[in-house]
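1. Coordinates for the following, if possible.
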Amino acid sequence: MKIYIYKNEEETCKAYAGFILSEANKCIEKHGTFNLVLSGGSSPKKVFDILVSEPNRDKINWKKVNFFFGDERHVPEDDPRNNALMAENNLFKPLKIDRDQIFRIDTSLRPQESAEAYWHSITDFFGKRPVVFDLIMLGLGDDAHTASLFPDSDLLKETGEGVRATYLDKEKMYRISLTAPLINQAKTIGILTYGQKKASAVAAVLEGPYNPSRYPAQLIKNPQWYIDAEAAAVLKEAQHLSP
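-> Okay, here's the model as predicted:
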């Protein structure tokens, strides 16, 4: 596990965007494609803005990138809370990404059916190959959740690779999410989080007792962390700002 700490939100997002560009080009050079799993929430939007801006937008052959989603709220595709809609508006449209490269979670189906259909589309894509994504983008909630792995959720007990539906009582809605075992099969995992509100969660996940039912992000194995100084503020171990 590597932890990169930057001065502020802007520097953290720039570094994370650079991380994506680097991983993409390495995979495209080696295999001809790059299979990227996007995270939801507000944090990746700032990264998307950096990726679509000049000169970054020309640093990747975007036609070689396939886009998947780590989780999705079970809301209509035109709902402002829909992760794919945010990616559509802030990444896919600006880069003119072809529809064939985008693997959305179909929320028009019932939650369980939606999860099953998405897992089918993933396994269909990989064929006889193991389902190993090149890079999975993740965020961190102030309750230490990541993807839709929330504290005390039954989803945390899943031992198989796949996609599952989970109901969040506090939100009164279902979410569709990759399971932790599937996430952990990825070649590379990058967790992006910043801001003072995330400091307690960062410290709990990185330095607290192992208790994934309370701190679900502890289920993620060997991620690379990209955080700002505010999010790192209560870490006990000595940490230094990345150059």
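2. hey, where'd the strands end up in the chain?
-> With DSSP state E as the criterion, the chain has strands at 2-6, 34-38, 65-69, 71-73, 135-138, 163-168, 173-178, 188-193, 224-228.
3. Next, find the distance separating Arg129 from Gln185.
-> With distances taken as Cβ to Cβ, to the nearest Å, Arg129 is found 11 Å from Gln185. Glycine gets a C-beta too; all of them are placed from N, C-alpha and C.
4. out of these two, which sits in the more crowded spot?
-> Gln185 (16 against 8; other Cβ atoms under 10 Å).
5. Now that one: closest residue in space, sequence neighbours ignored.
-> Val132 (5.2 Å; Cβ to Cβ, 6 or more residues apart in numbering).
6. Off-centre distance for the helix ranked longest in the chain?
-> Longest helix in the chain, counting residues (DSSP state H): helix 9-31. With Cα atoms, centre = their mean, to the nearest Å as the basis, helix 9-31 stands 14 Å off its chain's centre.
7. Tell me which residues are up against stretch 141-160.
-> 39, 41, 70-71, 138-140, 164, 166, 168, 175-181, 183, 191, 197-198, 200-201, 204-205, 212-220 (Cβ atoms under 8 Å, 6 or more residues apart in numbering).
8. just to revisit the earlier point, which neighbours do Arg129 and Gln185 have in common?
-> Joint contacts of Arg129 and Gln185 (Cβ under 8 Å, 6+ apart) do not exist.
9. mind listing what Ala204 touches?
-> By Cβ under 8 Å, 6+ apart, the neighbours of Ala204 are 144, 214-215.
10. Check Asn66 too.
-> 33-36, 101-103, 125.
11. a markdown table for those residues, including neighbour count, distance to Lys2 and pLDDT?
-> Output for the contacts of Asn66, formatted as a markdown table (neighbours: other Cβ atoms under 10 Å; distance: Cβ to Cβ, whole Å; pLDDT from 0 to 100):
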| residue | neighbour count | distance to Lys2 | pLDDT |
| --- | --- | --- | --- |
| Thr33 | 16 | 25 | 98 |
| Phe34 | 24 | 20 | 98 |
| Asn35 | 24 | 21 | 98 |
| Leu36 | 19 | 19 | 98 |
| Gln101 | 16 | 29 | 98 |
| Ile102 | 18 | 29 | 98 |
| Phe103 | 18 | 28 | 98 |
| Phe125 | 13 | 29 | 98 |
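12. Looking at those, which is nearest Lys63?
-> The closest of the contacts of Asn66 to Lys63 turns out to be Gln101 (Cβ to Cβ; 7.5 Å).
13. was I right about the closest one contacting Phe67?
-> Yes: using Cβ atoms under 8 Å, Gln101 is in contact with Phe67, at 6.0 Å.
14. Give me the below-cutoff pLDDT ranges for the chain.
-> 238 (pLDDT under 70).
15. can you map out the helices along it?
-> 9-31, 43-52, 83-87, 93-95, 111-126, 180-184, 199-207.
16. who does the first one touch, helix- and strand-wise?
-> The helices and strands touching helix 9-31, judged by 3 or more Cβ pairs under 8 Å, 6 or more residues apart in numbering; DSSP states H and E, are strand 2-6, strand 34-38, helix 43-52, strand 135-138, strand 188-193, strand 224-228.
17. Please convert these to TSV, extending it with distance to Cys13.
-> Below are those laid out as TSV (distance: least, Cβ to Cβ, whole Å):
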stretch	distance to Cys13
strand 2-6	9
strand 34-38	15
helix 43-52	4
strand 135-138	12
strand 188-193	7
strand 224-228	8
